[in-house]
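J.: need coordinates for the below:
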Amino acid sequence: MRMPHAAGFTLVELLVVISIIALLIAILLPSLRKARDQAKLTVCLSNIRQVGVGMAYYGEDNRLQPPPNRLRMSSAAPSGGTPPDYLDSDWWYYRHMVPKYVPSKFESQTRAAFGDVYACPAEEVAGRAYAMNLLASNTKYPEKQFATPYDTSRTEPFNPFSVKRAQNYLLMGESHAMFPDSVHPGRFGTRYIIGQSGRSLYEMFMKVGEDATALGGRGPFTGFINFKRHKDRANFLLADLHVETLQRTQVVKPYPADPTKWISTLRVLWSPKDLEDPQFQTVNRPTPP
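T.: Residues are numbered from 1 along each chain as shown. Model prediction:
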């Protein structure tokens with residue numbers, strides 16, 4: 001008995017099916033990419049919130065004082081710290097500071113937090129993606145000789161655990177991962193603080209002194225909020241320990257008196273002086289590279 005001939009696809013039908021599948025992929029890919037980016041942003045938001053929990057535990061054990069972020073605690077201490085534990089400096093991310101309460105699975109060459117909740121999935125090479133507002137260290141300069149300096153005419157330190165309007169004051173934010181780590185080749189960490197100049201929250205493209213080549217080609221931006229990691233958005237941890245995702249335009253706006261400058265929207269406060277004369281907030285609007 002002769003078996004009936006099975007019907008198959010013609011070449012035209014096959015091409016039509018392939019075209020439809022390609023069209024569906026083209027339609028869905030942007031949505032999938034957007035969903036993936038949003039997922040990374042959400043994980044990052046959760047990570048910086050967990051670091052904030054560690055900051056709160058640190059405060060409870062230290063009379064409601066934040067990490068002072070001193071480069072060295074005595075005149076005899078070397079500038080870069082002494083291995084293996086670097087106890088002569090007290091930057092917030094050293095293992096005896098905030099990571100004591102929220103440890104990371106990995107550590108950098110200086111026994112500092114690296115990876116896990118200290119990283120952001122949107123930038124895989126960033127072993128540490130966050131930095132602390134220098135002014136939230138509640139450390140005055142030059143009264144305390146070995147604190148990191150800042151511009152006292154424009155800024156003022158504060159205690160994040162007792163400041164009024166804590167929901168508006170920056171405690172930690174996303175910063176540029178600049179410094180290569182010898183223990184993890186190809187991975188980089190942020191500077192320990194945001195705001196070496198005392199006004200860096202409102203700037204993005206301002207160049208600073210570090211040499212780009214010496215920093216593994218990641219420079220020369222350091223000490224500033226990184227709005228590029230999430231496409232002109234960044235995650236912020238505020239002093240009351242709540243977190244927000246903000247666009248750059250929610251943080252700064254053109255200065256009406258001089259359109260070549262930016263001014264704070266006061267949505268995120270950098271220093272108590274932000275609430276004084278606007279001149280304390282204005283910064284140049286650098287041209288993006």
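
J.: hmm, residue 157 and residue 137 touching each other?
T.: Yes - if you go by C-beta atoms under 8 Å, residue 137 and residue 157 touch, sitting 6.5 Å apart. No exception for glycine: its C-beta is placed from N, CA and C like everyone else's.

J.: looking at those two, which one has more neighbours?
T.: In this view residue 137 and residue 157 are compared by other C-beta atoms under 10 Å, and residue 137 has more residues nearby, 29 against 24.

J.: tell me which helix or strand the residue most central in space within the chain sits in.
T.: Most central in the chain under C-alpha atoms, centre = their mean is residue 174, positioned 1.2 Å from the mean C-alpha point. Following DSSP states H and E, one finds residue 174 within strand 170-174.

J.: after that strand, which helix or strand is next? Please name it.
T.: The helix or strand immediately downstream of strand 170-174 is strand 179-180, counting by DSSP H and E.

J.: let me see the mean pLDDT of that following strand.
T.: On average, the pLDDT along strand 179-180 is 87.

J.: also stretch 202-211?
T.: Confidence for stretch 202-211, expressed as mean pLDDT, is 56.

J.: so what's the residue count around residue 22?
T.: Around residue 22 there are 10 other residues, counting by other C-beta under 10 Å.

J.: looks to me like it is in a strand.
T.: No - counting by DSSP: H, G, I helix; E, B strand; the rest coil, residue 22 is not found in a strand; it is helix.

J.: ok, now which ones touch residue 86?
T.: By C-beta atoms under 8 Å, 6 or more residues apart in numbering, the residues touching residue 86 are 94, 110-112.

J.: gap between it and residue 70?
T.: Counting by C-beta to C-beta, to the nearest Å, the separation of residue 86 from residue 70 is 12 Å.

J.: likewise for residue 150?
T.: The span separating residue 150 from residue 70 equals 13 Å under the rule C-beta to C-beta.
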